[in-house]
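Enquirer: turn this into a structure:
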Amino acid sequence: MHAPAFVRRCLEPLRFAFGTLSVLPVRVNRWDRPTAGRAISVAPVVGLVLGGLAAGFATLLAWAHTGSLLAAVAGVAALAALTRGLHLDGLADVADGLGSNRPPDAALKIMKASDIGPFGVLVLVLTLFAQVAAVSRCFDLGLPKGAFALGLAAVTSRTALLRGCSDGVPSAREDGLGAMVAGTVPRLRGALVTLAVVAALALAGWATARYGQNQLPLALGTVVSAAGGLGLAALLLTHCLRRFGGITGDVLGAMVEVAATGSLILWTLFAAATP
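Expert: Numbering: from 1, shown residues only. Predicted coordinates for the structure are as follows:
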């Protein structure tokens, strides 16, 4: 009798997460802060699905001998397309806001403007170059390493949202997505989910390696890569809180891209060092 209501309660956070963090056709039935908090807690699941789709597309191209560079571009482009460039737009806006060196209110107005300034363009181009270069190198090292790089980046970057929306983190504005999700994730829940995600990624990194002595180094490399990406996103969050007084949807998007790029670069180093 109560099963349908229980199922709906479990599905609502997933609907919210996929409806706000992807272009997948999902209807969001509930739009409130409690649901938002649970949705952010399952954001890594969104990363898993989007990363799997992007990795599958890129791996198919690499398997068809189109070249690692084209496969990498396709994988990074697929992740951007699956979010309508939402996080990349946030990264560019935050770069403009931080680069302006203006007071918080003025910086927030710059970030809300529809155009992209020189700081945003520069950071956006360099970030995409770094992501494509890292994924391309991983595909040069083998299809499993290239595919895993995209999955690792997608999952790690969405996990960074838990820290951005943790209890005690204020919103810089009274409206918008940032105001909806700010402070909605209890710290203990966020920490436990993050640890579970990193552990799962480590197991996946272990499975990515060929059986033998290189399994443990890649598993440890996965942990370092994920932790490094999350750490860089946390540093950006701290700086944005100091500059803007809170988070916005753009800040969360920038955290996603910073975590993705950091984890990709670190994973590439470990993948290249491990035959």
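
Enquirer: report how many residues lie close to residue 34.
Expert: Using other C-beta atoms under 10 Å, residue 34 has 11 neighbouring residues. Where C-beta positions appear, they are placed from N, C-alpha and C, glycine not excepted.

Enquirer: name the nearest residue to it, sequence neighbours excluded.
Expert: Using C-beta to C-beta, 6 or more residues apart in numbering and skipping the chain neighbours, the partner closest in space to residue 34 is residue 184 (7.5 Å).

Enquirer: ok, the one you found - contacts?
Expert: Contacts for residue 184 (C-beta atoms under 8 Å, 6 or more residues apart in numbering) come out as 33, 34, 36, 37, 40, 165, 167.

Enquirer: quick check: phi and psi on it?
Expert: Backbone torsions for residue 184, taken as degrees, to the nearest 10, come to phi -90, psi -10.

Enquirer: neighbours around residue 47, how many?
Expert: Neighbours of residue 47 under the rule other C-beta under 10 Å: 28.

Enquirer: wait, a strand at it?
Expert: No - counting by DSSP: H, G, I helix; E, B strand; the rest coil, residue 47 is not found in a strand; it is helix.

Enquirer: residue 161 is in contact with that one, correct?
Expert: No - between residue 47 and residue 161 there is no contact under C-beta atoms under 8 Å: 9.2 Å.

Enquirer: how much space between the residue nearest to residue 34 and residue 205?
Expert: To residue 205, residue 184 is 30 Å away according to C-beta to C-beta, to the nearest Å.

Enquirer: residue ranges with poor pLDDT in the stretch 1-150 of the chain?
Expert: Along the stretch 1-150 of the chain, the model assigns pLDDT under 70 to residues 1-10.

Enquirer: can you tell me how far residue 183 is from residue 167?
Expert: Distance from residue 183 to residue 167, counting by C-beta to C-beta: 5 Å.

Enquirer: tell me which of the two has more neighbours.
Expert: Just comparing residue 183 and residue 167: by other C-beta under 10 Å the higher neighbour count belongs to residue 183, 17 against 14.

Enquirer: got a list of what the more buried one touches?
Expert: 165, 166, 167, 168, 169, 170, 171.

Enquirer: the residues you listed in strands, which ones?
Expert: The members of the contacts of residue 183 all map outside strands under DSSP state E.

Enquirer: can you put those in a markdown table and add distance to residue 92 and pLDDT?
Expert: Listed next are those as a markdown table, based on distance: C-beta to C-beta, whole Å; pLDDT from 0 to 100:
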| residue | distance to residue 92 | pLDDT |
| --- | --- | --- |
| 165 | 21 | 94 |
| 166 | 25 | 94 |
| 167 | 29 | 92 |
| 168 | 27 | 90 |
| 169 | 22 | 92 |
| 170 | 23 | 93 |
| 171 | 20 | 92 |
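
Enquirer: between those, which is nearest residue 255?
Expert: Distance to residue 255, by C-beta to C-beta, is smallest for residue 165 among those, at 9.9 Å.

Enquirer: and the closest one, backbone torsions?
Expert: phi -110, psi 20.

Enquirer: please verify my assumption that it contacts residue 40.
Expert: Yes - Residue 165 lies in contact with residue 40 (C-beta under 8 Å); the separation is 4.7 Å.

Enquirer: now for those two: what residues contact both?
Expert: 181, 184, 185.

Enquirer: measure residue 125 to residue 199 for me?
Expert: The spacing between residue 125 and residue 199, counted by C-beta to C-beta, is 35 Å.

Enquirer: what residue lies at the spatial centre of this protein?
Expert: In the chain, the centroid-proximal residue (C-alpha atoms, centre = their mean) is residue 157; its distance is 2.2 Å.

Enquirer: what's downstream of the strand or helix carrying that residue, the next helix or strand?
Expert: Here residue 157 sits within helix 143-164, counting by DSSP states H and E. Sequence-wise, the next helix or strand downstream of helix 143-164 (DSSP H and E) is helix 177-181.

Enquirer: helices and strands around the next helix or strand after that next one, which ones?
Expert: Remark: after helix 177-181, the chain's next helix or strand is helix 187-208, criterion DSSP H and E. With contacts defined as 3 or more C-beta pairs under 8 Å, 6 or more residues apart in numbering; DSSP states H and E, the packing partners of helix 187-208 are helix 33-41, helix 143-164, helix 215-244.
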